[in-house]
Each structure stands twice: as C-alpha cells, then as structure tokens.
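# Need coordinates for the below:
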Amino acid sequence: MAQLYFYFGAMNAGKSTTLLQASFNYRERGMQTMLWTAAVDDRAGAGRISSRIGLEAEALVFGPQTDLFAAIAQQPSDCVLVDEAQFLTAAQVDQLAAAVDRLGVPVLAYGLRTDFRGALFPGSERLLAIADKLVELKAVCACGRKATMNLRVDAEGRAVAEGAQTEIGGNDRYVAVCRRHFSEALAP
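Numbers count the residues shown, from 1 in each chain. Reported below is the predicted structural model:
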C-alpha cells in the first residue's frame, strides 16, 4: 500500500543522500523512480540533486505553479522522490497525497522542517499535517547534541535573525545547531 513519507531534518542530516540511496535501491530492483527538486535551489545546477558526500542525480524541477499530480499521472513510476520538499506549496503537498491515494504510487519527500527563525516552511507544515509517515533524520550540533535548528550566519559567521524565509545556501550560510545553541546565538 502506497504512503506519503516526510523525511525531515536540519541542514547536514543527510536528506539528499538518503533520497539518492532510496532511488538507487528501487532502480537496482529494475523499478523506475521519478525524482523532483525545487527550481529555487540550483546550487548543484538546474535539475540536479546533489549530496554533500558527492552523490548526484538528474531530477525534474518544480516551481510554485507545477502540477505534480498531473506530471506523476503522465509518467507512471514505482516511486516518487522529492528533494527540498520545504519549498512545496500546500497545494502541491495535497497533489502528492492524491498521487499516493489515487495512483497508488509511494511518495518520499525530503526537506527541512523549519527555517532560520524556527518557523515552519509551508510545504513542511502541510507534510507534517498529512503525511502517513514522519521520519526525522538526525544532524549533530558542535556540542554533540541533536541539531534540530538551522542557524543562518553572515560572512563572518555571526547569527542572522532577520531576512527572507528563503535564502539559498549551504555550509557558507547555515549551521545545524541544537535548540539551546540556536537560542543563545539569537539572544539580544
């Protein structure tokens, strides 16, 4: 029975690596996967999913207007895998759920739960509300605790408390930290 999964974690938790491994597992068994990534994040190149440990794959690109249900219905696959799922709209999450429920295809979505302020992304909020399975992928804070927060930093490494919710970046702009170190870094 197909289900909607949401794998979430802070930066550096291995979300893209886990997605690419899952796709490999399906393909190794002769099955077809459909990979998606957000148009807004083109750090690895448009239509590429890339992990920090060097794994990469081509992917379809979604933007806010992409009808994911229609695209999935037109190209049947054994599994749909979505990277950067925090950038999905709530309506797109509902489209993924419809693909699970009406087309019988499992959907595995991978993304951040919260932004640099500790607020939910719209796509993540909807996934947390309706996904059949929620799986937290763990990252580690410099203190050794579980990192659950994404601290945005400037070029000098100082915490940033204001700005747009979406600012694409990697280790140069974000640090995965525990809640305590997140609060301390943003304290006035």
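
# How about the contacts made by the residue nearest the centre of the chain?
Centroid-nearest residue in the chain, with C-alpha atoms, centre = their mean: residue 111, separated by 1.7 Å. Residue 111 is in contact with 6-8, 15, 82-88, 121, 123-124, 127, counting by C-beta atoms under 8 Å, 6 or more residues apart in numbering. (Each C-beta comes from the backbone N, C-alpha and C, glycine too.)

# Mind pulling up the pLDDT for it?
Per-residue confidence at residue 111 stands at 96 (pLDDT).

# contact partners of the longest helix along the chain?
Longest helix in the chain by number of residues (criterion: DSSP state H): helix 15-28. Residues outside helix 15-28 that contact it (C-beta under 8 Å, 6+ apart) are 7-9, 32-33, 35, 49-53, 55-57, 78-79, 81, 83, 108, 110-111, 137.

# PyMOL command for the buried members of the residues you listed?
Buried residues among those (16 or more other C-beta atoms under 10 Å), as a PyMOL selection:
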select buried, resi 7+8+9+33+35+49+50+51+57+79+81+83+108+110+111
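
# Return the subset of the contacts of helix 15-28 lying in strands.
Among those, the members found in strands (DSSP state E) are 7-8, 33, 35, 49-50, 56-57, 79, 81, 108, 110-111.

# and the two most separated of those residues?
Pairwise distances across the ones in strands among the contacts of helix 15-28 peak at 21.6 Å for 8 and 56 (criterion: C-beta to C-beta).

# Could you list the paired strands of the helix or strand of the chain with the lowest mean pLDDT along with their orientation?
Least confident helix or strand of the chain, by mean pLDDT, DSSP states H and E, is strand 48-50 with a mean of 79. Here strand 48-50 has these sheet partners by DSSP bridges: strand 56-58 (antiparallel).

# Thank you kindly, that will do.
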